[in-house]
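S.K.: okay, predicted coordinates and the sequence, questions at the end:
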Amino acid sequence: MNKKVWGIILCLFFLNILSFTIVYYFSSNYLEVIFFDVGQGDAIFIETPLKQQILIDGGPNREKIIENLSKEMPFWDKTIDLIVLTHTDKDHITGLLQVLKEYEIENIVWTGVGENKEWEELIEKEESRILNLRKGSKILFSNVIFEVLYPDKGDNFPSSNDSSVVLKMDYDKSSFLFTGDITSEKESIIGVDVDVLKIAHHGSKYSTSIEFLENTSPELAIIQVGNNSYGHPSEDVLTRLDNFGIKTLRTDINGSIKVVSDGKKLKIISK
């Protein structure tokens with residue numbers, strides 16, 4: 001067999017490997033949700049089975065969010081399909097400011113409530129599609145569905161925390177609830193059964209009421225929290241979760257937490 005034939009065979013072999021790699025990379029049966037350890041703040045990275053990427057909030061530190069993203073995304077991938085800013089408090093927005101500088105963002109969800117000059121300048125420069133969604137709005141990523149549960153049109157916000165976007169995410173039979181920093185007053189209007197609950201406001205005593213836990217009945221609760229002077233997470237909240245028999249993980253103790261779903265079962269990986 002001459003060198004030319006061998007060359008063709010090797011070329012076809014490597015093309016097969018490349019094709020397999022591309023198919024494998026861009027498709028799987030698994031949804032991955034990573035609750036990043038970013039200190040006292042929220043940052044949640046989601047990758048769908050079709051490798052679409054969503055980032056909910058960015059935490060309080062510009063460097064930490066980029067460091068976390070670089071561990072989860074290939075070095076050549078500088079595009080994020082959707083970012084969600086739940087509200088404009090520094091422990092949620094600061095990291096997103098750096099993400100906007102280093103990544104191309106296709107879509108942005110935020111309420112338009114609250115002021116942050118740098119944020120507004122960056123999203124205008126980014127030329128992303130801005131989605132000012134309200135209760136009942138849905139975003140579809142193939143078989144992963146996000147539904148806005150709060151706020152509704154015409155809602156008034158007694159605090160920045162209560163302006164938080166609340167999202168429910170469904171993948172087949174698995175469901176997640178992302179609550180931002182809403183208080184018990186706003187939690188009372190949300191009654192959906194979910195598997196995984198992101199505890200509101202880092203475990204503040206003003207959130208995660210008994211009634212809310214009864215309404216949502218999660219099997220897993222995640223508290224994103226760091227060293228702080230606010231008493232987060234509250235012992236009251238930890239006691240409520242324990243009384244309900246809800247498995248609870250914390251980023252200040254467990255580090256970044258990955259929850260993987262095949263649409264039916266959940267697997268928890270503490271990183």
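M.R.: Here it is on my side, so go on.
S.K.: mind listing the helices for the stretch 1-150 of the chain?
M.R.: Remark: helices assigned in the stretch 1-150 of the chain by DSSP state H, counting those that start in this stretch are 3-25, 62-72, 90-102, 117-126.
S.K.: now do the third one, average pLDDT.
M.R.: In other words, helix 90-102. Taken as a whole, helix 90-102 carries a mean pLDDT of 98.
S.K.: now do the longest one
M.R.: For helix 3-25, mean pLDDT is 46.
S.K.: just the second one next, same as before
M.R.: Per-residue pLDDT values across helix 62-72 average out to 98.
S.K.: then the last one?
M.R.: The predicted model assigns helix 117-126 a mean pLDDT of 94.
S.K.: what's around His87, how many residues?
M.R.: 24 (other Cβ atoms under 10 Å). Any C-beta I mention is one placed from the backbone N, CA and C, and that applies to glycine too.
S.K.: now do the phi/psi pair for it.
M.R.: Per-residue torsions, His87: phi -160, psi 170 (degrees, to the nearest 10).
S.K.: what's the separation between it and Ser70?
M.R.: Counting by Cβ to Cβ, to the nearest Å, the gap from His87 to Ser70 is 26 Å.
S.K.: check Asp77 too.
M.R.: Applying Cβ to Cβ, the value for Asp77 to Ser70 is 10 Å.
S.K.: next: Thr239.
M.R.: 38 Å.
S.K.: so how far is Thr94 from Lys64?
M.R.: According to Cβ to Cβ, Lys64 and Thr94 sit 10 Å apart.
S.K.: pull out the buried positions in stretch 201-220.
M.R.: Buried residues in stretch 201-220, counted by 16 or more other Cβ atoms under 10 Å: 201-209, 212-213, 215-216, 218, 220.
S.K.: quote the end-to-end distance of that stretch.
M.R.: Using Cα to Cα, to the nearest Å, one end of stretch 201-220 lies 16 Å from the other.
S.K.: ok, now stretch 175-189?
M.R.: 18 Å.
S.K.: now do stretch 109-118
M.R.: 16 Å.
S.K.: could you give the separation of that stretch from the chain centroid?
M.R.: Distance of stretch 109-118 from the chain centroid (Cα atoms, centre = their mean, to the nearest Å) equals 18 Å.
S.K.: mind checking what secondary structure the closest residue in space to Asn215 that isn't next to it in sequence has?
M.R.: Nearest residue to Asn215 in three dimensions, chain neighbours excluded: Gly191, at 4.1 Å (Cβ to Cβ, 6 or more residues apart in numbering). Three-state assignment for Gly191 (DSSP: H, G, I helix; E, B strand; the rest coil): coil.
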